[in-house]
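> Sharing a model prediction with you, sequence too.
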Amino acid sequence: MSVKILSITLLLVSMCLCCHSSEGTHRRHPGPFPPCCTAVTKGNMTADVVGQIYHKLAARGDCVKAIIFNTKDGKLCADPDAQWVKDHTRGGPGSKRPCCVNVTKDNVSADVVGQTYREQAARHHCVKAIIFNTKNGKQLCADPDAQWVKDLTAKMRKV
């Protein structure tokens, strides 16, 4: 009788472990999913890219390694090994990334497009800033201490 009880106990423990380990494969917490690209474009889409802010993604699960750019029509998943992507992410051969020399405190969050931003440290003639892409394809230099900037960047970090 003790062999039967031991066998049943081991069977139940095994079933519990199997069920518990499969729970990790499903997303259980609320909130938006992190960005994921299941395919990338290799064709040159430079003309469609809005601004200079991009997001690097590592391969994980069904997601492939990619660079996400903002376009007027939404996000664009691009092949990080494509030459146009390399040129765009480094600003082209010999070019320097522009910097903000002044910032706005005015709430212009309605003009911001995409879910990415870039932080700029104060150096040389550049001031401390948060840089967003705007609807008109330009970059917006915002005061990192302004409340609307703190709120918007916190919201973007959750995405």
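That came through fine. Numbering: from 1, shown residues only.
> Which parts of this protein are helices?
2-23, 83-90, 147-158 (DSSP state H).
> and the residue nearest in space to the middle of the chain, what does it touch?
Nearest residue to the geometric centre of the chain (CA atoms, centre = their mean): H55, 4.7 Å. Contacts for H55 (CB atoms under 8 Å, 6 or more residues apart in numbering) come out as P35, I67, I68, Q115, T116. Heads up, the C-betas are built off the backbone N, CA and C, glycines and all.
> likewise F132?
By CB under 8 Å, 6+ apart, the neighbours of F132 are G51, I53, V112, V113, G114, Y117, Q139, L140, A142, L152.
> Next up, the contacts around G51.
For G51, the contacting residues are N70, V113, G114, F132, N133, T134, G137, K138, Q139, by CB under 8 Å, 6+ apart.
> swap the cut-off to 10 Å and go again
69-71, 112-114, 116-118, 131-140 (CB atoms under 10 Å, 6 or more residues apart in numbering).
> Relative to D111, how far out is the closest residue to N133 other than its chain neighbours?
Nearest residue to N133 in three dimensions, chain neighbours excluded: G51, at 3.0 Å (CB to CB, 6 or more residues apart in numbering). Per CB to CB, to the nearest Å, G51 is found 12 Å from D111.
> What of G61?
Taking CB to CB, one finds G61 at 34 Å from D111.
> Between those two, which has more neighbouring residues?
D111 (13 against 8; other CB atoms under 10 Å).
> May I have the residues that are in contact with the closest residue to the more buried one other than its chain neighbours?
Leaving out its chain neighbours, the residue that sits closest to D111 by CB to CB, 6+ apart is T134, at 4.7 Å. T134 is in contact with V50, G51, V108, A110, D111, V112, V113, G114, L140, counting by CB under 10 Å, 6+ apart.
> And N70, by the same measure?
With CB under 10 Å, 6+ apart, N70 has these contacts: 48-55, 76, 112-116, 132-133, 137.
> and what of T116?
T116 neighbours (CB under 10 Å, 6+ apart): 35, 51, 53-55, 68-70, 75, 131-133, 153, 156, 159.
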